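# 3D model of this:
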Amino acid sequence: MKNKKGLVLVYTGKGKGKTTAALGLALRAIGHGAHVFMVQFKKGDPHYGEIQAIHKYLPHFTVFQAGKNKMQLGMLKEDDPAIIQEGFQRGKEALCSGQYDLCIFDEINVVIDYRILPVSDVLEMLAGRPAHVDVVLTGRNAPVEIIEAADLVSEVKEIKHHLKNGIKARLGMEY
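Model (predicted):
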């Protein structure tokens with residue numbers, strides 16, 4: 001898969017499904033022999049369904065969780081900025097190694113929005129990546145600079161959400 005131009009894809013917006021879209025893309029890529037790396041910012045629970053499935057069924061999918069807290073309806077739980085920096089460094093190393101065909105930076109837009117990670121660092125990383133590597137950046141409030149650097153931007157809009165009606169987060173649905 002190294003004979004293609006790598007794309008930058010952004011999944012942003014207030015609706016549910018940004019991480020799910022990135023994981024669906026990863027599954028599709030793996031089906032065609034790709035190797036995938038994902039760093040999850042603000043997520044540190046190894047019991048998330050996607051993490052368990054990746055470890056159990058997808059040997060060409062590597063994950064690093066850079067957070068100790070769970071996301072709840074897009075609300076930012078405080079994490080040590082050093083954890084975020086470590087995750088960014090690990091993701092950047094994976095991306096620049098050329099070993100992976102697709103690198104996902106899950107919830108990176110959130111940590112940029114909360115000024116834990118400078119947008120300039122992300123733009124520099126994107127500019128320095130191997131030409132064949134596709135990159136996905138997820139999370140609410142994608143900055144204008146990220147949107148301009150992207151090849152594809154999809155906004156997930158919430159119309160209705162069951163959590164707002166008192167239905168609790170469900171295993172296999174939210175985590």
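
# centre-most residue in the protein?
Ranked by distance to the mean C-alpha position of the chain (C-alpha atoms, centre = their mean), the top residue is residue 106 at 1.6 Å.

# and the spatially closest residue to it that is not a sequence neighbour, which of the three is it?
With sequence-adjacent residues excluded and distances taken as C-beta to C-beta, 6 or more residues apart in numbering, residue 106 is closest to residue 40, at 4.4 Å. Every C-beta, even on glycine, is put in place using the N, C-alpha and C of the backbone. Following DSSP: H, G, I helix; E, B strand; the rest coil, we place residue 40 in the strand state.

# what's the neighbour count on residue 40?
Residue neighbour count, defined by other C-beta atoms under 10 Å, stands at 26 for residue 40.

# how far away is it from residue 117?
For residue 40, the distance to residue 117 under the criterion C-beta to C-beta, to the nearest Å works out to 14 Å.

# same question for residue 49.
When residue 49 is compared with residue 117 (using C-beta to C-beta), they lie 26 Å apart.

# what about the two, which has more around it?
With other C-beta under 10 Å as the criterion, residue 49 and residue 117 differ in neighbour count, and residue 117 comes out ahead with 21 against 13.

# for that one, give me phi and psi.
Backbone torsions of residue 117, given as degrees, to the nearest 10, read phi -130, psi 130.

# I'd say it and residue 111 touch.
Yes - under the criterion of C-beta atoms under 8 Å, residue 117 is in contact with residue 111, at a separation of 4.6 Å.
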